[in-house]
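Visitor: Quick one: sequence and predicted model below, then my questions.
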Amino acid sequence: MPEARESDKPRDSIPGPYGAHNWHPMSFNPQTGLVYLPAQNIPLTLVDDKSWKLGVNAPGAFSSGLGWNTATHMNAEPPKSKPFGRLIAWDPVEQKEVWRQEHVSPWNGGTLTTAGNLVFQGTADGRFVVYNAKTGAKLWETTTGTGVVAGPPTYEVDGKQYVSIAVGWGGVYGMIGRATERKGPGTVYTFVLGGTGKAPEFVAYQQGALLKDVKYDPAQVTEGRLLYVSNCAICHGVPGVHRGGNVPNLGYSAPAVISELDKFVFRGPHVERGMPDFTGKLKPEEIEKIKAFIQGTADAIRPK
């Protein structure tokens, strides 16, 4: 696109850094001659950071507090394109699409195709689906509780064919977004013709109310926004705007959590679960500014 050469103007990145088919595995069926692609479109707008320097942690530089050095501002203005997820059957010889299935969200799982003319895929909205490999017609589906990002394998034991799928929501997009209202621990489902096992129970997400009653100085919101972009946004999203995925959105946290944010940021209880320790990277006064941004943003979007 011509706009990509105008480095001082925000341009839509399509299908985006998360997009195309990303790491979710595709599959090839030698009988149909088709490749089955889990296509993702998670748009971002990009604009060059003219003040960028290698290795500098600068407030406002996306994830620079986490060691990123992209030299690019992301979503300086809202993307014009819409997110989507698709399963595309692609003819690599003719270089054309043969059929597609539209999904309600991006970040759907990898694909498996078999000699029995089938394509298997798990979806972001919590389904495991089987399609006709030639036509794309849906043949069967079952619920999985939460979203699926993995690809399924198939195998034979004692003359019976099994298909398994690892279910669990996550990955880069899955940290801040989701398409189901249920969640559960990582689960492996295994299917066989004539199977009678019962699926496990998954519980509803507890979204919580939009944050309120955290004391803050409104004059610190702007500086807090820059610090938040550099250190928090990649995992927690925009407070109160994103719903949260396998990482909670801080705009829906309990007031006691945000009021005591320093206890979570400095050698906090979630370090063993992947939360970075910002000791020596952020100062106590900067945490106050981040708190101001979180509560200030929640206040700004609260319905009147």
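Guide: Noted; the coordinates are in hand.
Visitor: ok, which stretches of the stretch 151-300 of the chain are strands?
Guide: Remark: strands assigned in the stretch 151-300 of the chain by DSSP state E, counting those that start in this stretch are 154-157, 160-167, 182-183, 187-191, 203-204.
Visitor: Select, out of those strands, the one closest to H103.
Guide: Closest approach to H103 among the strands of the stretch 151-300 of the chain is made by strand 160-167 (15.8 Å; CB to CB). Any C-beta I mention is one placed from the backbone N, CA and C, and that applies to glycine too.
Visitor: Partner strands of the closest one and their direction?
Guide: The pairing partners recorded for strand 160-167 under DSSP bridges are strand 154-157 (antiparallel), strand 187-191 (antiparallel).
Visitor: need the contact list for the most centrally placed residue in the chain.
Guide: With distances taken as CA atoms, centre = their mean, Y173 lies nearest the centre of the chain, 1.4 Å away. Going by CB atoms under 8 Å, 6 or more residues apart in numbering, Y173 touches 18, 40, 42, 106-107, 245.
Visitor: Okay, domains of this protein per the record?
Guide: 2-43+79-204, 218-301 (automatic domain parsing).
Visitor: Compile the ones you listed into JSON lines and extend it with columns for distance to G67 and mean pLDDT.
Guide: Shown next, in JSON lines, are these (distance: least, CB to CB, whole Å; pLDDT from 0 to 100):
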{"stretch": "domain 2-43+79-204", "distance to G67": "15", "mean pLDDT": "92"}
{"stretch": "domain 218-301", "distance to G67": "10", "mean pLDDT": "94"}
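Visitor: can you pull the contacts of V192?
Guide: 160-163.
Visitor: now those in JSON lines, with neighbour count?
Guide: Listed next are the contacts of V192 as JSON lines, based on neighbours: other CB atoms under 10 Å:
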{"residue": "K160", "neighbour count": "11"}
{"residue": "Q161", "neighbour count": "13"}
{"residue": "Y162", "neighbour count": "14"}
{"residue": "V163", "neighbour count": "19"}
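Visitor: Closest one to P152 out of these, please.
Guide: V163 (5.5 Å).
Visitor: The nearest residue to P185 once chain neighbours are set aside: neighbouring residues, count only.
Guide: Once flanking residues are discounted, P185 sits nearest to G168: 7.5 Å by CB to CB, 6 or more residues apart in numbering. Other residues near G168 come to 20 when the count uses other CB atoms under 10 Å.
Visitor: what's the spacing between G168 and F293?
Guide: 31 Å (CB to CB, to the nearest Å).
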